[in-house]
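J.: This is a predicted model, with the sequence first.
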Amino acid sequence: MNNIKREKLLILSGALGDGHMQAAKAILEASVLYKQGVEVVDFMQWIHPRMHVVERYCFLQWVKHFPSSYGYMYQKTRTDSTLTFFLKHFLTTSLQRLLKLLNEEQPTLIVSTFPLASAAISLLKEKGMTDLPAATVITDHSDHSYWIHPFTDLYLVGSEGVRAALQRKGVADHKIAVTGIPVRPSYSQTNNKDRLREKLALPLDAFVVLVMGGGCGIIDKSFIEQMQSDSFPPNVQFVIVCGRNVKLLNRLHEALGDRDNVMLTGFLEGIHEWMASADVLITKPGGLTTSEALALQLPMLLLEPQMGQEKDNASYLIQAGVAYLCQIDSLQDQLQRLVQQPSLMEEMRENAGLCRQQDSARHAVLQILNMQSDTQEEKWVCSLQQYA
């Protein structure tokens, strides 16, 4: 570590969902281990300081109330087209704001965990306004066109499948590194489940089901109705995390608050300990949450994916044998099967061990730091070719 040259990393992220920012924070934490200077900036807040709150609200309402239209647009723009060209270039008028940020921060490397930021940096480089090495961290198991830009120097991806998909879209192999989707270093620690359960006041002999609806706590009416059933196996203990959705938390307290087998909570800072204590996770198939579960070899039941990238993630996880779709109408039967078949749970944990990327954030940082020397070497070769 001491031999690594000190760089200044500028990480551009976005608050449209928690995953992009969580990946940025994971890289930030891992960068500290290598004594690198790091600055994390919310790209949309910087570009549109007066409008970003409205933009985020409108996006979240669109996804919540019109998921089918979002899914349609996702598929429509999966590959390059006239529409994707427009979407990638509509930020042109905001490039001066981004250039101002680069002048203020003076980074030596740029990292993006947010598609619009990746597009803007590529445009800056295309126009000759910067020549800084730029890496994109793809925070889903996806090869969607909004992640892919001609002047990106390095793509950090979650799996070999995404690497192959990028190659099919013309991205050179030397520009792709399979690091896993970056999760915080705490997810790579060895945990003692019994000690954690004692710390968190969880029954040692229970089958603990951790339910996470994402940062916005998206758990629907049908799920709540199923939770009111008395047909669950007697040793099942639910821990339902509502994130920052106070309204949902209050609603669940009204519906389920008197049940001994249900623990309700809002946002948890030490969520890795709860994951490490659980036997199975019920969640949306978001890239970051499922990568955290993979790091801890935690089997998953995935809520029906609504957004395009969630479908990509679900497909990857189910094919890898680490997750099943959560059938809400037969949730009791699904959990009964898992409780009664420990060999099935063990198989899922073993599969997670095969496809997880340990220390993903640290590996991502090393790849980013190596990008500087690789880019300098490429420029040197190009200069030699000009004079050949």
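T.: Received the coordinates, thanks.
J.: what about stretch 312-329, how long is it end to end?
T.: Across stretch 312-329, the terminal residues are separated by 23 Å (CA to CA, to the nearest Å).
J.: in it, what's buried?
T.: Residues Asp312, Asn313, Ala314, Tyr316, Leu317, Ala320, Val322, Ala323, Tyr324, Leu325, Cys326, Ile328 are the ones in stretch 312-329 that count as buried (16 or more other CB atoms under 10 Å). C-betas here are computed from N, CA, C, even on glycine.
J.: ok so the fifth one is a helix residue?
T.: Yes: with the criterion set as DSSP: H, G, I helix; E, B strand; the rest coil, the secondary structure at Leu317 is a helix.
J.: can you pull the contacts of it?
T.: When contacts are counted by CB atoms under 8 Å, 6 or more residues apart in numbering, Leu317 touches His141, Pro285, Thr290, Met300, Leu302, Ala323.
J.: 7 Å - rerun?
T.: By CB atoms under 7 Å, 6 or more residues apart in numbering, the contact set of Leu317 is Pro285, Thr290, Met300, Leu302, Ala323.
J.: Read off the pLDDT value for it.
T.: Here, the pLDDT recorded for Leu317 equals 97.
J.: now do the first one
T.: Looking at Asp312, its pLDDT is 93.
J.: name the element Thr289 belongs to?
T.: Per DSSP states H and E, Thr289 falls inside helix 287-295.
J.: Need the residues that contact that helix.
T.: Residues from elsewhere that reach helix 287-295, judged by CB under 7 Å, 6+ apart: 18-19, 22-23, 139-141, 158, 180-181, 183, 187-188, 212, 214, 272, 275, 281, 283, 300, 309, 313, 317, 322, 352, 355-356, 358.
J.: State the next helix or strand along the chain beyond it.
T.: strand 300-302.
J.: Tally up the residues packed near the spatially closest residue to Arg244 that is not a sequence neighbour, please.
T.: Leaving aside its chain neighbours, Arg244 sits nearest to Phe267 (5.3 Å; criterion: CB to CB, 6 or more residues apart in numbering). Neighbour count for Phe267, taken as other CB atoms under 10 Å: 14.
J.: Same question for Asn351.
T.: Asn351 has 18 nearby residues by other CB under 10 Å.
J.: what's the distance between the closest residue to it other than its chain neighbours and Arg349?
T.: In space, and not counting its chain neighbours, Asn351 is closest to Gly321: 3.9 Å by CB to CB, 6+ apart. Gly321 sits 10 Å away from Arg349, going by CB to CB, to the nearest Å.
J.: what does Glu269 give?
T.: From Glu269 over to Arg349 the distance is 26 Å, taken as CB to CB.
J.: In terms of neighbours, single out the busier of those two.
T.: Between Glu269 and Arg349, counted using other CB under 10 Å, Arg349 has the larger neighbour count: 15 against 6.
J.: Could you list the buried residues of the host helix or strand of the more buried one?
T.: Using DSSP H and E, Arg349 sits in helix 342-355. Neighbour-count burial for helix 342-355, counted by 16+ other CB under 10 Å, picks out Met345, Met348, Asn351, Ala352, Cys355.
J.: do stretch 245-264 as well
T.: Residues Asn245, Leu248, Leu249, Arg251, Leu252, Ala255, Leu256, Asn261, Val262, Met263, Leu264 are the ones in stretch 245-264 that count as buried (16+ other CB under 10 Å).
J.: Tell me which of these fall in helices.
T.: Among the buried residues of stretch 245-264, DSSP state H puts Leu248, Leu249, Arg251, Leu252, Ala255, Leu256 in helices.
J.: Export the residues you listed as a markdown table, with columns for distance to Gln341 and pLDDT.
T.: Formatted as a markdown table, those follow (distance: CB to CB, whole Å; pLDDT from 0 to 100):
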| residue | distance to Gln341 | pLDDT |
| --- | --- | --- |
| Leu248 | 32 | 85 |
| Leu249 | 33 | 87 |
| Arg251 | 33 | 88 |
| Leu252 | 29 | 89 |
| Ala255 | 30 | 88 |
| Leu256 | 27 | 86 |
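J.: the helices in the stretch 151-300 of the chain, which residues?
T.: Taking DSSP state H, counting those that start in this stretch to define them, one finds helices in the stretch 151-300 of the chain at 160-168, 193-199, 221-227, 246-256, 271-277, 287-295.
J.: what is the rounded mean pLDDT of the helix or strand containing His363?
T.: For His363, the host element (DSSP H and E) is helix 360-387. For helix 360-387, mean pLDDT is 70.
J.: how about Pro299, what does it touch?
T.: Val280, Val322, Met345, Met348, Arg349.
J.: Roughly how far does the nearest residue to the fourth one once chain neighbours are set aside sit from Glu347?
T.: Right, Met348. Closest residue in space to Met348, ignoring its immediate chain neighbours: Pro299 at 3.9 Å, by CB to CB, 6+ apart. For Pro299, the distance to Glu347 (CB to CB) stands at 9 Å.
J.: try Gly17
T.: 31 Å.
J.: Next: Ile176.
T.: Distance from Ile176 to Glu347, by CB to CB: 30 Å.
J.: Just the pLDDT for the closest residue in space to Leu301 that isn't next to it in sequence.
T.: The shortest distance from Leu301 to any non-neighbouring residue, by CB to CB, 6+ apart, is to Cys326 (3.9 Å). We have a pLDDT of 89 for Cys326.
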